[in-house]
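Trainee: Here's my sequence, what's the structure:
(one chain, ligands or ions: 2)
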Amino acid sequence: MINRFNGLIAVLCCAGLVSACLSDPDSADGGVMPEPEVVSEPPASVSGMARVSSPDGALEFMLDASSSAPLWSLTYDGQTVIAPSALGFRFADEAALERGLSVTATREASHDSEWEQPWGERRFVRDHHNEIVISLRETSNDQRGFDLRVRAFDTGIGFRYEVTDGGNRDQTRRITEELTRFVVSPKANAWWIPGTGWNRYEYPYQKTHIDAFSDAHTPLTLQLPDDGPYIAIHEAALIDYSGMVLKQRRPGVLQADLAPAPDGTKVTRTGAFTTPWRTVQVARDAVGLINSDIILNLNAPNTMGDVSWVKPGKYVGIWWEMHINRSTWGSGERHGATNENTRRYLDFAAEHGFDGVLVEGWNTGWDGDWFFNGAEFSFTQAHPNFDIEALSAYANEKGVALIGHHETSGHLTNYETQMADAFALYGRLGYRHVKTGYVADVADLVRVDAAGIERREWHYGQYAVNHHIRVLEEAAKHRIAINAHEPVKDTGLRRTYPNWLTREGARGQEFNAWGNPPNPAEHVAMLAFTRMLSGPMDYTPGIFDLMPNGPDDENRVRGTIAAQLAHYVVLYSPLHMAADLPENYEARPDLFQFIKDVPTDWDRSIALDGAVGEYVVFARKDRASPDWYLGAVTDDRPRDLVVPLTFLEEGRNYTATLYRDGENASWRAAPYEYAIESRRVSADDRITLNLASGGGVAIRFVVEKE
Ligand code: NOJ
Ligand code: CA
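Mentor: Ligands and ions are numbered 1, 2, ... in the order given. Model prediction:
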């Protein structure tokens, strides 16, 4: 069935009204349009139009360059997902690439292959798509233009600009605006975080009608009206370009808004260049957005050669104790990063099979107001309380690695000038992972230019985007993998740079210590359908003392203790922390067992069921054994879910150990009520999950010996 929104566009195309609309750039692709009376399809093929469909035929991308400016659109089973939307660029020093472009050539291809991830949420990834490359050149000057490379998968599409050099390889272009639009129904529902504000993606998600935000970060998750399909707009392979926020020009008219450099230019490139992919995932059910690999598939294969040294794993660390104010990063009586405390954590990690121990506050520069004194940090000078040589030797003896910490407080230059030495030091001492950090306001990263002048860069501007890649390359020289906090958002670069293991880039557990307010009960069920569409997150789960500041403090975990276990399965990260203090795990060895057992490297992952921001159920199969795991969480509403166990291997019996909410559990009144029980199950069974308010369940399925 063609819905009204779709039909409307068809009518306008047929009536030749689109070009009339185009005289006003702001209404070219989404002006307020009257309700359609007549519904008809655009002709199958007219001059200036190019199309590509997904392998299953459900998604169709169309480019219409028959009018004065090219417009792209997307349908799903004949229903409009993206109405005709603008493309192009404005530049500082030359005319815009926006109008007077016609299709001069098209090339089509189909692709179906499988590739293997060195680590990941699934081992094998199928890349099945149809492609069209549409050459658009100016009618007045065929040296100017771009190719649009479009890939249509069954779960979404991606396109990118491949901008020609106009015959001048040395030409430097300064993009002042990328004109890409995504015009969606003004009646869509949206789950979003603001694209502006000082913070770097660390906001609670909101569900509203689309017109409630002026700008939003991607991935932006939407549902079309009348129980329509779910869509997620994002980008893939963000390299040497600025990150994209979506600015809402009018209800439903979303335009790419790139983070600027200090001089206001959005992106500077020399010669021919390609942009990141602009992506739209589409799914009938919300979990379909999660069960999609298009972001990874649109990234280039691994460029780092042998990456067998990149190890997923689990870690503990001197971290939460600072966030709950039991110890400090800086010097003083309560300094956390002491030899004694580090040894205590190393012993604990070795005893319980953890791979790493993170130590924050190990170096000099934390004294004083470290938020604002990024230039003070040394990345090679250990604090006198932290004997880095002796502690590394102790860690190596115990078969545990120390995890390094590079908090920059956003002073990029201070970090960049020390980076080579810093990674060399860690490499020599046997560190395998480094957590970086960029605590600073979003437009306040410090870069000192060649003339010694301080410039302020955005967290997701072109300079910072490239900074993160330089860090990966420097770390790789010493076989070190990176976990970036306050990073640029994930766009699937872990495929190309497999030592980018994980990152933060959302509101993590730390907000439950001091967030005012802490993360809402629905937070993880939100993350699963929004932030997590971009890639792994270092959420730092596993808090067992749910009220670390006492029962009267607003800052507490708004979830049950069983939900803390479920997060290890629900939130994918190849590097997961057991974030609480050792003594809190020692006090609950029965629950702690699940954290010890759960793997962080998967053979398969399936989002089984869920509703955005309400609940979600995942099943994942361990990469190193035949065991399966299940994790489910709910918002503050209790719910019973019946889950068929069809994911288990047919014909085998499993012992399922459930870590679930107790009968009277609820995050507010009884968060510690839980039950652990075992039963024998097979793929023919269904299991009922009883989730409390703010609750969750974690299950380990162990194959029975024959
Ligand atoms: C913010 C990070 O997200 C957190 O994990 C870290 O402890 C602090 N910065 C200090 O670096
Ligand atoms: Ca943070």
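Trainee: could you pull out the strands for the stretch 51-200 of the chain?
Mentor: Counting by DSSP state E, counting those that start in this stretch, the stretch 51-200 of the chain has strands at residues 59-64, 71-76, 79-86, 89-91, 101-116, 124-138, 145-153, 156-163, 172-178, 181-183, 189-192.
Trainee: tell me the angle the fifth one makes with strand 124-138.
Mentor: Right, strand 101-116. For strand 101-116 against strand 124-138, the angle by axes from the mean of the first three to the mean of the last three CA atoms, to 10 degrees is 170 degrees.
Trainee: quick check: mean pLDDT across strand 101-116?
Mentor: Averaging pLDDT along strand 101-116 yields 97.
Trainee: related to what we said a few turns ago, which one, of the strands of the stretch 51-200 of the chain, ends up nearest to residue 370?
Mentor: strand 189-192 (31.4 Å; CB to CB). C-beta coordinates here come from the backbone N, C-alpha and C atoms, glycine included.
Trainee: What ranges in the protein fall below the confidence cut-off?
Mentor: Within the chain, the ranges that satisfy pLDDT under 70 run 1-47.
Trainee: quick one, longest helix in it?
Mentor: Longest helix of the chain, by residue count under DSSP state H: helix 412-429.
Trainee: Could you pull out the buried residues of it?
Mentor: 412-416, 418-419, 422-423, 425-427, 429 (16 or more other CB atoms under 10 Å).
Trainee: With distance to ligand 1 as extra columns, can I get these in a markdown table?
Mentor: Shown next, in a markdown table, are those (distance: CB to the nearest ligand atom, whole Å):
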| residue | distance to ligand 1 |
| --- | --- |
| 412 | 15 |
| 413 | 18 |
| 414 | 15 |
| 415 | 13 |
| 416 | 18 |
| 418 | 16 |
| 419 | 17 |
| 422 | 15 |
| 423 | 18 |
| 425 | 19 |
| 426 | 16 |
| 427 | 21 |
| 429 | 20 |
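Trainee: will you turn the residues you listed into JSON lines that also has distance to residue 158?
Mentor: JSON lines is the format used below for the buried residues of helix 412-429 (distance: CB to CB, whole Å):
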{"residue": "412", "distance to residue 158": "30"}
{"residue": "413", "distance to residue 158": "34"}
{"residue": "414", "distance to residue 158": "36"}
{"residue": "415", "distance to residue 158": "32"}
{"residue": "416", "distance to residue 158": "31"}
{"residue": "418", "distance to residue 158": "37"}
{"residue": "419", "distance to residue 158": "32"}
{"residue": "422", "distance to residue 158": "36"}
{"residue": "423", "distance to residue 158": "33"}
{"residue": "425", "distance to residue 158": "40"}
{"residue": "426", "distance to residue 158": "36"}
{"residue": "427", "distance to residue 158": "36"}
{"residue": "429", "distance to residue 158": "41"}
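Trainee: What residues does the stretch 351-500 of the chain have near ligand 1?
Mentor: Applying CB under 6 Å from any ligand atom, we find that the stretch 351-500 of the chain lies next to ligand 1 at 360, 407, 437, 439, 485.
Trainee: cutoff 5 Å now
Mentor: Selection of the stretch 351-500 of the chain residues close to ligand 1 by CB under 5 Å from any ligand atom yields 407, 437, 439, 485.
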